[in-house]
Every structure is written in C-alpha cells, then in structure tokens.
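Colleague: Sequence isn't available, so here's the structure alone:
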C-alpha cells in the first residue's frame, strides 16, 4: 500500500482561482488542478492507494466549515479503492482550542494540520504549544509546515531550532514535520532534528534536496520515522514516487516509508482498505 501523507485539494468552484493565485505568489506550477477529482486521477496514474488531505484554517472562523467538509469527505471515500482521507485543522487564535480539538476528535478526524506562515504565528509560540500538548492528549496526529515556505521566503516561522524548543518544552506525540523537517533548511534538520521523536514527511523535496543530503538524514533519523508525501498539487505523485524509489534501495526501508509508517499513525483510515485487499487476494 502506498500512502501519500501530504496533499491538498480545494472546492471545485474556487480551485482554479486558488491555484492560479498560489502559482503566481510562489512562482511554481501545479501538477494537477487542485480538485478532488484531479487528485484521484493523479493517484490512479501514480499508483497511490491513499492520499491524506491536509486543510489549512487561515482564519479562526473557518474552523467549522473546514472540519465538517473534512468529515464528509472521509465518509464519501470510506469504502472506495482509491481513498482520500482528510485531517482537520485549527487556527492558533482559536477562541476555545480545547473544545475545537475535541470536535476534531469527535468528527473522527485523526489529526490536524498547522501552517505557521499562513496562520502568521511562529511555531514556538505558546498558542501552538498548547494546541500540540492537548492534541497529544487526545491522540491526534499533528502535521506542521516546516522550513521555508516558497510563498513567504523572507520570514521563516517554523525553523529546526524553533521545533527543538517545542520538543523540549512540550514533547508532542505523533508530530509530523513536513518537507523533510524544514524546507531548504536541511543542514539544520540533519544537525538538530535527526534522532528526535518526530516524523519527517518527504513532501516537496523531489528536485529540491540533494540526494546525499536526503540519504544522510534518512540514515541518521531512521526509515521508521519517514513518511512518503508529495504536497500535491505542488509536486507530482508519479514523479515523487519514482524519485524516492530511485533513492531508497533497501526494500524494507522503502516499505516503511511508502506505507507502513503511515499505518502506525492512521491505522483506522487504512484498516478497511487492507481488509478488502486481503479478501480479494
């Protein structure tokens, strides 16, 4: 089973304008149209079984709309072969972060996405640390954008040093650092974060990180805490799979990265699909 742990979709009526805006802002081109249908088509072409969708709450008042949509998406794809599985989201300026995290849990969402740049908050801010602490208590996975955001290159709000401070102060469980621990800050990732109790996802690294740097981090951190991810639509799923299969030659390590590690974090989302495949075999 191949799990892409980091993807994004937008409602069809705004996807075109949103993709065009983000392309211009970040000076990049998308690999698909950013819609639900576009992601499913990409998965079928690439051979991806499950895509984890990560919504970003950019304003506190978006919380309910985004999380209800996420729960509805999960129900829609519950028994499908190519499966989308959405996390929830929360804003650090939430008026009642504990109640909102409990709602995320009650909706059956298995985790949350945090984005310090789009939420205009530094990762080591107390507002994030208390969210991470309570999310850990509830058993939720927390995924955070780490390192440079190509749309906000001049002000990095989640650096490896800030991440170290959060780990020391809060010790969050099931924390996933996107972009291999910190986009375009991989020397600091290798020095400061390898060996820590965090997961690194591989999103938006194909074509950006040097092969030897990728492999050094993999060796020091361990394949059991690496998650295959793309950041679709901003990286191609087919291309990203080819890239990592070419880099990771150990079959056991590759199996862990492509799906086994994801199973440890989102087992309930994968269980029905695994059962279905076993019965088919």
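Modeller: Here it is on my side, so go on. These figures come from a predicted structure and were not determined experimentally.
Colleague: Return the set of buried residues in the one helix or strand residue 25 maps to.
Modeller: According to DSSP states H and E, residue 25 maps onto helix 12-26. Buried residues in helix 12-26, counted by 16 or more other Cβ atoms under 10 Å: 15, 19, 22-23. To be clear about C-beta, it is placed using only N, CA and C from the backbone, and glycine gets the same treatment.
Colleague: for stretch 135-143, same thing?
Modeller: Applying 16+ other Cβ under 10 Å to stretch 135-143 flags 135-136, 140-143 as buried.
Colleague: Can you pull out the low-pLDDT segments for the chain?
Modeller: Scanning the chain for pLDDT under 70 picks out 272-281.
Colleague: How are the strands of it distributed by residue range?
Modeller: With strands called from DSSP state E, the chain shows them at 3-7, 50-53, 83-86, 88-89, 111-114, 141-144, 175-177, 199-201, 226-227.
Colleague: just checking, what packs against the second one?
Modeller: Translated: strand 50-53. When contacts are defined as 3 or more Cβ pairs under 8 Å, 6 or more residues apart in numbering; DSSP states H and E, strand 50-53 sits against strand 3-7, helix 36-46, strand 83-86, helix 261-280.
Colleague: burial count for residue 164?
Modeller: Residue 164 has 15 neighbours, counted by other Cβ atoms under 10 Å.
Colleague: correction: residue 98
Modeller: Residue 98 has 13 nearby residues by other Cβ under 10 Å.
Colleague: which residues does it contact?
Modeller: Residues near residue 98 by Cβ atoms under 8 Å, 6 or more residues apart in numbering: residue 134.
Colleague: gap between it and residue 170?
Modeller: Applying Cβ to Cβ, to the nearest Å, the value for residue 98 to residue 170 is 15 Å.
Colleague: ok so, going back, output the strands of the chain as a markdown table; include the columns distance to residue 209.
Modeller: Putting the strands of the chain into a markdown table (distance: least, Cβ to Cβ, whole Å) gives the following:
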| stretch | distance to residue 209 |
| --- | --- |
| strand 3-7 | 15 |
| strand 50-53 | 21 |
| strand 83-86 | 26 |
| strand 88-89 | 27 |
| strand 111-114 | 22 |
| strand 141-144 | 18 |
| strand 175-177 | 14 |
| strand 199-201 | 11 |
| strand 226-227 | 13 |
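Colleague: Pick the most deeply packed of these.
Modeller: Compared across the strands of the chain, strand 3-7 shows the largest average neighbour count, a mean of 29 (mean count of other Cβ atoms under 10 Å).
Colleague: helices or strands next to it in the packing?
Modeller: Using 3+ Cβ pairs under 8 Å, 6+ apart, strand 3-7 sits against strand 50-53, strand 226-227, helix 261-280.
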